[in-house]
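[1] Pasting the sequence and the predicted model now:
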Amino acid sequence: MRKDKKSRKPVYYNIPMTMACVLFCLTLFTTHFTGGLYARYTATDTADDAARVAKFSVKHLLKENAEERTQLNVVMVPGQYKYTVDVTNNSEVDVNCTITLENTTDNLPLQLKVYKEGASDAEIDAATAVYSGNLDANSGTTTYVLCVTFPQENANSYINMLDVVEFSVLTEQID
């Protein structure tokens, strides 16, 4: 039996599928050769960082004649009044301590000073006194002196007048 050429079924090629297979093979082929190029331009780096966790414990204590106070109590007759502030740094870090004494209303001609005990108190008297200094970690207690002076001259003209003097201690960690 002889077959005619016409009896064979024609072979049809699926053109879109063939093109997809050819493109896939070309992609694999070019990726293999260009993979080495990308490796030349890559770099690695390592880094680390850690937060510093430390105990922060600073306390202050206001005293007048060795008696503890929570506020400045001044009987305003002319004269000079001295208070001490003990600042204790039990922190594991150094701190900057700023002590401020401020006459907020300026009704009375008060002169204010803040200085470290044992240091020269030759600072200028003013309506606002500020002392700032560093305290080392676990340095113990440092004593500061607050001085409020009400001058004698014209004292009678200030009878029945009130004044407000604010005292603050600000401590900030130094890293």
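    Looks like it arrived, so ask away. Numbers count the residues shown, from 1 in each chain.
[2] Quick one: name whatever helix or strand follows the helix or strand of the chain with the lowest mean pLDDT.
    Sorting the helices and strands of the chain by mean pLDDT, DSSP states H and E puts strand 67-69 at the bottom, at a mean of 68. Elements were assigned by DSSP states H and E; along the chain past strand 67-69, the next helix or strand is strand 79-89.
[3] For that next one, name the packing helices and strands.
    Judged by 3 or more CB pairs under 8 Å, 6 or more residues apart in numbering; DSSP states H and E, the packing partners of strand 79-89 are strand 58-64, strand 94-103, strand 140-150, strand 165-174. To be clear about C-beta, it is placed using only N, CA and C from the backbone, and glycine gets the same treatment.
[4] Next, format those strands as a markdown table and append distance to L23 and mean pLDDT.
    Output for the helices and strands packed on strand 79-89, formatted as a markdown table (distance: least, CB to CB, whole Å; pLDDT from 0 to 100):
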| stretch | distance to L23 | mean pLDDT |
| --- | --- | --- |
| strand 58-64 | 72 | 76 |
| strand 94-103 | 67 | 85 |
| strand 140-150 | 79 | 84 |
| strand 165-174 | 63 | 83 |
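[5] of all those, which lies closest to D48?
    Nearest of those to D48, taken as CB to CB: strand 165-174 at 22.5 Å.
[6] ok, back up a step: mind checking which of the helices and strands packed on strand 79-89 is nearest Y131?
    strand 94-103 (4.8 Å).
[7] Can you list phi and psi of C25 for me?
    For C25, the backbone dihedrals are phi -60, psi -40 (criterion: degrees, to the nearest 10).
[8] now the helices and strands packed on strand 79-89 as a markdown table including mean neighbour count?
    Shown next, in a markdown table, are these (neighbours: other CB atoms under 10 Å):
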| stretch | mean neighbour count |
| --- | --- |
| strand 58-64 | 16 |
| strand 94-103 | 19 |
| strand 140-150 | 18 |
| strand 165-174 | 15 |
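[9] which one of these lies closest to K116?
    strand 140-150 (5.6 Å).
[10] Packing partners of the closest one?
    Where contact means 3+ CB pairs under 8 Å, 6+ apart, strand 140-150 is packed against strand 79-89, strand 94-103, strand 111-116, strand 128-135.
[11] tally of neighbours for A155?
    Number of residues near A155 (other CB atoms under 10 Å) recorded here: 15.
[12] Show me the chain divided up by domain.
    Domain ranges of the chain: 5-40, 58-174, per automatic domain parsing.
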